[in-house]
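> structural data only, the sequence is not supplied:
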């Protein structure tokens, strides 16, 4: 499903796409849930996936706010310990650390690599991620392209939705690649981590609605917002977005418009 609203501008008219990675390009919910399984096996405990992801969302959000300078593997280690406490089950340092080191094992969405290769033909592509450099480098091997710039929470010293992250993005993408805010389309799944602060930063926004939140209340591993920020474009998958860009570009070449 494609929804284009609040704009008369075609997507192909932007020059750079800035991406969230985890939840948008990488299937972090499957990765998180898989990484929780050793804890559940250790305790012979059955917990529903939705309950596990919801608890993760609450705990991770609080931990990122409390320790903005903590590297993401260390932060995940603390989150795992708190998950065990939340569900009243036993953990140990080895299980906690294994969860903290799990990011490289999180899978990409099936459409991600092919969609990124298409989009790379039309835009500069930039990452704004809440993980550390090593974690993203491992994930990048699954994404099929080389990004033009990569900015992580480790570089910035805070986690989205802190506005510092988007201020850093705008400053550095201008210095590094020469783009201004009106040339950028921020592309992300998370309304909490990305679209709310991106709106405050006055960036155009493309929502990759992986969770189908327009029709459900399945917030998964993402913190719940009582008021949803509007977005300029919405697609169910990244490939839908890439196909829209190809369609726009072909139509423009035929009509001679820009």
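Arrived safely. This structure is a prediction, so every number in the text was calculated from the model and none was measured.
> CA atoms for contacts and neighbours, from now on please.
Will do.
> mind listing what the nearest residue to residue 112 once chain neighbours are set aside touches?
The shortest distance from residue 112 to any non-neighbouring residue, by Cα to Cα, 6 or more residues apart in numbering, is to residue 25 (5.6 Å). By Cα atoms under 8 Å, 6 or more residues apart in numbering, the contact set of residue 25 is 108-109, 112, 143, 238.
> next, residue 25: phi, psi?
Dihedral angles of residue 25 (phi, psi; degrees, to the nearest 10) stand at phi -100, psi -40.
> shaky segments in this structure?
Scanning the chain for pLDDT under 70 picks out 1-8, 255-258.
> hey, where'd the helices end up in it?
Secondary structure of the chain (DSSP state H): helices located at 28-43, 49-66, 72-86, 93-100, 112-120, 133-140, 153-156, 163-177, 196-200, 238-255.
> quick one: list the elements packing against the last one.
With contacts taken as 3 or more Cα pairs under 8 Å, 6 or more residues apart in numbering; DSSP states H and E, helix 238-255 sits against helix 112-120.
> circling back: buried ones only from the contacts of residue 25, please, as a ChimeraX command.
For anyone working in ChimeraX, the buried entries among the contacts of residue 25, judged by 16 or more other Cα atoms under 10 Å, can be selected with:
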select :108,109,112,143,238
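> out of the contacts of residue 25, which comes closest to residue 226?
Nearest to residue 226, judged by Cα to Cα, of these is residue 238 at 25.4 Å.
> could you check how far that closest one is from residue 92?
As judged by Cα to Cα, to the nearest Å, residue 238 and residue 92 stand 38 Å apart.
> cool, and residue 146?
Counting by Cα to Cα - residue 146 and residue 92 are separated by 38 Å.
> likewise for residue 18?
38 Å.
> and these two? which has more neighbours close in?
residue 18 (26 against 12; other Cα atoms under 10 Å).
> for that one, give the beta-bridge partners.
Counting by DSSP bridges, residue 18 is bridged to residue 126, residue 186.
> would you list the helices of the chain in a markdown table and tack on distance to residue 188?
Output for the helices of the chain, formatted as a markdown table (distance: least, Cα to Cα, whole Å):
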| stretch | distance to residue 188 |
| --- | --- |
| helix 28-43 | 13 |
| helix 49-66 | 17 |
| helix 72-86 | 19 |
| helix 93-100 | 23 |
| helix 112-120 | 12 |
| helix 133-140 | 16 |
| helix 153-156 | 16 |
| helix 163-177 | 13 |
| helix 196-200 | 10 |
| helix 238-255 | 9 |
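> domains in the protein, by residue range?
As assigned by automatic domain parsing, the chain contains the domains 2-27+110-255, 28-105.
> count of residues packed around residue 134?
Look at residue 134: counted by other Cα under 10 Å, it has 15 neighbours.
> mind checking how far it is from residue 10?
In terms of Cα to Cα, residue 134 sits 35 Å off from residue 10.
> next: residue 203.
For residue 203, the distance to residue 10 (Cα to Cα) stands at 15 Å.
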